[in-house]
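>>> got a predicted structure here, sequence first:
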Protein chains: 2
Amino acid sequence: MTASAAQTSPRKRTGNGAARRIDADEIGLDGLIGHAGYAVRRFQIWIFQDFIKTLREVDIRPTQYSVLTVIGANPGLSQMAVAKRLGIERARLVHLLDSLEERKLLKRVKSKSDRRSHALHLTAQGETALAGFKRLAAEHERHIEEKIGKANRERLLQILAGFT
Amino acid sequence: MTASAAQTSPRKRTGNGAARRIDADEIGLDGLIGHAGYAVRRFQIWIFQDFIKTLREVDIRPTQYSVLTVIGANPGLSQMAVAKRLGIERARLVHLLDSLEERKLLKRVKSKSDRRSHALHLTAQGETALAGFKRLAAEHERHIEEKIGKANRERLLQILAGFT
DNA sequence: AGACGATTGTTGTCGTCAACAACAATCTTC
DNA sequence: GAAGATTGTTGTTGACGACAACAATCGTCT
């Protein structure tokens, strides 16, 4: 996108209220370039949108996917443990689990050793569904490769490995 | 944070309701590792929190900073141009500008050439304030270097240059 | 000149998400 | 057993993206 074609007039910085048609790609970012946060924010928005689009047919959003994946890999976790691991507020996790439980993808089992907590498990249906989600997620990951290059994607994962 | 110390029992995968004290760092991410989106999300959260913390004394959030920076570098831009350049909804920009204008950091000048639009300018106060913000933002950027390394930060900016 | 469509700023709604605070039930510890 | 901590839950707040509608204005076509 943003197919350049900035063939507007050369003069810039028109004093005050003077307005000329301005293409977005000819506006200087100035100090913003060189800010990692800005680049990362834009990149993250792009990634999430592609993830949502790629998994739209199964109606799974990134956070839901991360919850299902963690529970699938560690059955019996408590909500507290999942929340801490994924950096989600336990208050927020409640609603996430509500919707996933309504969709019969997982279930809350009352723990016998600690009657406050719930042990989280995928349903059989949830297991098979998750397998499908993972295939789509892999496709999404390929989109990223196409966007920034295979080597860059791996370098990126390596750089950010400490934040998992 | 998360000072390891995972000296809990070796057995895992306790069947059903059996709950044992579990440290967050011993929970497998499984398929989540290798997902660029997950790493980027965590990284972005970390960056934003550090930015907010570093600029708390001046009460400036990342989005506000990006708006001020772009206007500072391109005085006279319309709201539409700023919104398009930063990927912000113009509806959302209205509130952002409201608060910044209330704080006397910028002003909306009625454009004479196009009476629908406003030409955005920093106030004198806004210019000097922005200089201070930029110093703090540079400090924030140094925090990132300390976190992932100077070389990695530059590589990152290079990889994500297409998303500015 | 006049009409029609597009653009700009604005207001509003909706849903996602992080951050808190409060609460009942339950566990842990003294 | 009492006091304090933890777990799941409900609720509120505020930042944010997406969308729809609207009045004022511009550009264009005839």
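Arrived safely. Numbering: from 1, shown residues only, chains lettered A, B, ... in the order given.

>>> the closest residue to A:P75 other than its chain neighbours in helix, strand or coil?
Closest residue to A:P75 apart from its sequence neighbours, by C-beta to C-beta, 6 or more residues apart in numbering or on different chains: A:H121 at 5.0 Å. Bear in mind the C-beta positions are built from the backbone N, C-alpha and C, glycine included. A:H121 falls in the strand class when you classify it by DSSP: H, G, I helix; E, B strand; the rest coil.

>>> roughly how far apart are A:H121 and DNA strand C?
Using C-beta to the nearest atom of the strand, to the nearest Å, A:H121 is found at 19 Å from DNA strand C.

>>> what residues are up against that residue?
A:H121 sits next to A:71, A:75-76, A:106-107, A:109, B:16 when contact means C-beta atoms under 8 Å, 6 or more residues apart in numbering or on different chains.

>>> I'd like to know which of those is nearest to B:A39.
Nearest to B:A39 among these is A:I71, at 19.7 Å by C-beta to C-beta.

>>> just the element for that closest one, please.
Assigned by DSSP states H and E, A:I71 belongs to helix A:62-73.

>>> relative orientation of the helix or strand that that helix is followed by and helix A:62-73 in degrees?
Proceeding N to C from helix A:62-73, the next assigned helix or strand is helix A:79-86, under DSSP H and E. Angle, helix A:79-86 to helix A:62-73, by axes from the mean of the first three to the mean of the last three C-alpha atoms, to 10 degrees: 120 degrees.

>>> what sits against A:G31?
B:69, B:72-73, B:134, B:137 are the contacts of A:G31 under C-beta under 8 Å, 6+ apart.

>>> out of the residues you listed, which touch chain A?
B:69, B:72-73, B:134, B:137 (C-beta under 8 Å from any C-beta of the partner chain).

>>> would you point out the most distant pair within the residues you listed?
B:A73 and B:A137 (13.8 Å).

>>> compare those two (neighbour count), which wins?
Neighbours per residue (other C-beta atoms under 10 Å in any protein chain shown) separate B:A73 from B:A137, with B:A137 holding more: 23 against 17.

>>> host element of the more buried one?
helix B:124-148.

>>> for that helix, which outside residues touch it?
With C-beta under 8 Å, 6+ apart as the criterion, helix B:124-148 contacts A:31, A:34-37, A:159-160, A:162, B:46-47, B:50-51, B:54-55, B:57-58, B:60, B:65, B:68-69, B:72, B:100, B:104-106, B:122, B:153, B:156.

>>> and it with DNA strand D, contact?
No. Shown here: helix B:124-148 not in contact with DNA strand D (C-beta under 7 Å from any atom of the strand), separated by at least 14.4 Å.

>>> pLDDT (mean, whole number) over that helix?
In this model, helix B:124-148 has a mean pLDDT of 95.

>>> poorly predicted segments of chain A, please.
For chain A, residues meeting the criterion pLDDT under 70 lie at A:1-30.

>>> up against DNA strand C, what does it have?
Checking chain A against DNA strand C by C-beta under 7 Å from any atom of the strand, the hits are A:61-63, A:87-89, A:91-92, A:96, A:114-116.

>>> tell me which two of those residues sit farthest apart.
Largest separation among the residues of chain A next to DNA strand C by C-beta to C-beta: A:P62 and A:R115, giving 32.5 Å.

>>> which of those two has more residues huddled nearby?
The residue with more neighbours, out of A:P62 and A:R115, is A:P62; 19 against 10, by other C-beta under 10 Å.

>>> how near is the more buried one to A:H140?
According to C-beta to C-beta, to the nearest Å, A:P62 stands 9 Å off from A:H140.

>>> who touches both of the two?
Joint contacts of A:P62 and A:H140 (C-beta under 8 Å, 6+ apart) are A:51, B:37.

>>> helix, strand, or coil at A:R115?
Under three-state DSSP, A:R115 comes out as coil.

>>> got the phi and psi for it?
phi -70, psi 0 (degrees, to the nearest 10).

>>> give the contact list for it.
Counted by C-beta under 8 Å, 6+ apart, A:R115 has zero contacts.

>>> separation between it and A:N74?
Distance from A:R115 to A:N74, counting by C-beta to C-beta: 21 Å.

>>> give me the buried entries from the contacts of A:H121.
The neighbour count (16 or more other C-beta atoms under 10 Å in any protein chain shown) marks A:71, A:75-76, A:106 as buried among the contacts of A:H121.

>>> which two among these are spaced furthest apart?
A:G76 and A:L106 (11.5 Å).

>>> so what sits against both of those two?
Joint contacts of A:G76 and A:L106 (C-beta under 8 Å, 6+ apart) are A:120-121.

>>> packing partners for the helix holding A:I71?
helix A:36-54, helix A:79-86, helix A:90-102, strand A:118-122, helix A:124-148, helix B:36-54 (3 or more C-beta pairs under 8 Å, 6 or more residues apart in numbering or on different chains; DSSP states H and E).

>>> need those in JSON lines (columns: distance to B:E146).
Conversion of the helices and strands packed on helix A:62-73 to JSON lines gives the following (distance: least, C-beta to C-beta, whole Å):
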{"stretch": "helix A:36-54", "distance to B:E146": "12"}
{"stretch": "helix A:79-86", "distance to B:E146": "25"}
{"stretch": "helix A:90-102", "distance to B:E146": "30"}
{"stretch": "strand A:118-122", "distance to B:E146": "36"}
{"stretch": "helix A:124-148", "distance to B:E146": "25"}
{"stretch": "helix B:36-54", "distance to B:E146": "10"}
